[in-house]
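**Q** Below is the structure, and that's it, no one-letter string:
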């Protein structure tokens, strides 16, 4: 179990931590023991009332445990003042909680300002963070009210990362944005995590989000009872009990899709040709693949598609105006996203590109084969 | 013609201005002192909730005492002085400013509060750097109401011989000279409007973030 690499060490450890609120007779969290390793994302997931937010807030002492002890980075969180502890732990919440009377710039610099960094260093760090989370520099001097929900949450993440804390606590950070933005923010978080290797505790009620983001998932039941913890694949393939099974839900096959990526598939080339070939060759490619369209490449870059019917009189493909593909996916996308793209596509194909370069196509058959059971996707296809 | 005597206005222009300045001075001092005291009370009420009830009760009682009666009650102690008028005037500003300050702080979104705590603000810092500035629009609304009310009340302090536009009204009533009454009344109404607009400007200046975002 013990790993000598820095990434294997325990960063946060909860030992028999319980919390009973004020006059309540039943505990919100009952004797929870949990290790979070350095550099991993642990997703705390469970129905409302399972105490997941309480667990999170006990780590930065927004809630004090009734009993038990918590260590962060090797020392008890009770060693010092709560506000000093919190400056060392990034915190992101669903309501974002940006200060409306401060510009985005000052919001991002909140913790460095508390830590007394010199103005120049704060300003430099702020710009760096804006770049990191994908905010244009022109937004730095706006007030939060001028930003969209997704942008505000990016600022929230940047603010949490400002003083480069080793630990990040995230309480349903993407719960208030629409599904498309949520998906994008999740991708960005994973991307950030590849570079930053923070230790992240992520609270969500959404099992799909937990599966996408968590290196490990901790499933809690009402009263803070730990039902199962493990890697997403492990939980999906071997749910420990009836509760976990129910919680994972009927979408289980789709959940499994979320775990696999496009990179695992052997993509097929499909009816795709370089614009330098002749319209005749393009027609043949379409016939060979049994499609009524061809995709066009210009030096390997995908430019779009044209219907076979338009190829008839054309002298050269170069003069044709290809229609853009509505949605393309990358190799790092999950099969779940591939299926979404398939369903949305008029060709029942998902187009895979990397930086504009065409990689190949995904169809339903390939997805179901990858799952090892044809039942995973729509059976009729 | 006999109803309004322009000639009198022209002749007594400097007196009218003088009375107006007295009026402004009495109002400004009352609102400034009232704001300071009210803020102090509000901070106590916000930090220690159980004090909120008693503080509002007392300021509420002050607010309901008829002004004439209050001045009459104070005269034996503080005489026909500026102090007497200011004690009364300040007393009437407290309720509105205390209540608006507490309401303003309570109105700060829980998300902002949680974020401030989570970032590592001390309670004092959270109040002064987040809650208080965010409550400013509501606090300023209270100060504006208090200021407008005070402009009206200052006309009554003229019975204490403290000048102001009320002096003109009082003098006009004694001699049934309408011009004086009208100048005093209209002057104090205009003054109330001007002060209100001025404070609105101050509020805008203090809270540039609350302005509607142009797209």
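**A** Sure, I can see it. Computed from a predicted model, the values in this text were never measured in an experiment.
**Q** CA only for contacts and neighbour counts going forward, please
**A** Fine.
**Q** How about the contacts made by the closest residue to chain B within the stretch 201-350 of chain A?
**A** The minimum distance from the stretch 201-350 of chain A to chain B, using C-alpha to the nearest C-alpha, falls at residue A:201 (14.5 Å). Listed by C-alpha atoms under 8 Å, 6 or more residues apart in numbering or on different chains, the contact partners of residue A:201 are A:36, A:41-44, A:56, A:167-170.
**Q** Which one of those residues is nearest to chain B?
**A** Nearest to chain B among the contacts of residue A:201, counting by C-alpha to the nearest C-alpha, is residue A:169 at 9.7 Å.
**Q** by contact count, what packs against the strand or helix carrying that closest one?
**A** Assigned by DSSP states H and E, residue A:169 falls within strand A:167-171. With contacts defined as 3 or more C-alpha pairs under 8 Å, 6 or more residues apart in numbering or on different chains; DSSP states H and E, strand A:167-171 has these neighbours: helix A:52-59, strand A:89-93, strand A:199-204.
**Q** quick revisit: take the contacts of residue A:201 and write them to TSV, including neighbour count and pLDDT.
**A** Shown next, in TSV, are those (neighbours: other C-alpha atoms under 10 Å in any protein chain shown; pLDDT from 0 to 100):
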residue	neighbour count	pLDDT
A:36	20	96
A:41	24	96
A:42	25	97
A:43	29	96
A:44	30	96
A:56	20	96
A:167	24	96
A:168	21	96
A:169	24	97
A:170	24	97
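**Q** any idea how far the lengthiest helix in chain B is from the chain center?
**A** Ranked by residue count, the top helix of chain B under DSSP state H comes out as helix B:13-47. Here the centre of helix B:13-47 is set off from its chain's centre by 6 Å, with C-alpha atoms, centre = their mean, to the nearest Å.
**Q** Ok, stretch A:14-34 next?
**A** That offset, for stretch A:14-34, works out to 29 Å (C-alpha atoms, centre = their mean).
**Q** buried stuff in it?
**A** By 16 or more other C-alpha atoms under 10 Å in any protein chain shown, the buried positions in stretch A:14-34 come out as A:14-15, A:17-21, A:27-32, A:34.
**Q** low-scoring stretches of chain A, by residue?
**A** Counting by pLDDT under 70, chain A shows low-confidence ranges at A:1-8, A:250-255, A:371-381.
**Q** Pick out the residue nearest the middle of it.
**A** Nearest to the geometric centre of chain A sits residue A:186, at 2.5 Å (C-alpha atoms, centre = their mean).
**Q** is it true that that residue lies in a strand?
**A** No - counting by DSSP: H, G, I helix; E, B strand; the rest coil, residue A:186 is not found in a strand; it is helix.
**Q** residue contacts, residue B:140?
**A** Contacts of residue B:140 by C-alpha under 8 Å, 6+ apart are B:199-200, B:203.
**Q** which other residues reach stretch A:117-126?
**A** With contacts defined as C-alpha under 8 Å, 6+ apart, stretch A:117-126 is touched by A:105, A:108-109, A:112-113, A:162.
**Q** In TSV, list these along with distance to chain B, neighbour count and secondary structure.
**A** Putting these into TSV (distance: C-alpha to the nearest C-alpha, whole Å; neighbours: other C-alpha atoms under 10 Å in any protein chain shown; DSSP: H, G, I helix; E, B strand; the rest coil) gives the following:
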residue	distance to chain B	neighbour count	secondary structure
A:105	13	23	helix
A:108	11	31	helix
A:109	11	28	coil
A:112	10	22	helix
A:113	11	16	helix
A:162	11	23	coil
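**Q** Tabulate these (JSON lines), appending distance to residue B:65.
**A** Output for the contacts of stretch A:117-126, formatted as JSON lines (distance: C-alpha to C-alpha, whole Å):
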{"residue": "A:105", "distance to residue B:65": "50"}
{"residue": "A:108", "distance to residue B:65": "50"}
{"residue": "A:109", "distance to residue B:65": "50"}
{"residue": "A:112", "distance to residue B:65": "51"}
{"residue": "A:113", "distance to residue B:65": "48"}
{"residue": "A:162", "distance to residue B:65": "55"}
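**Q** Nearest to residue A:132 among the residues you listed?
**A** Nearest to residue A:132 among those: residue A:162, at 10.7 Å, using C-alpha to C-alpha.
**Q** Tell me which residues touch that closest one, please.
**A** A:108-112, A:125-126, A:129 are the contacts of residue A:162 under C-alpha under 8 Å, 6+ apart.
**Q** picking that back up, list the contacts of the residue nearest to the centre of chain A.
**A** By C-alpha under 8 Å, 6+ apart, the neighbours of residue A:186 are A:174, A:212-213.
**Q** Alright, calling it a day.
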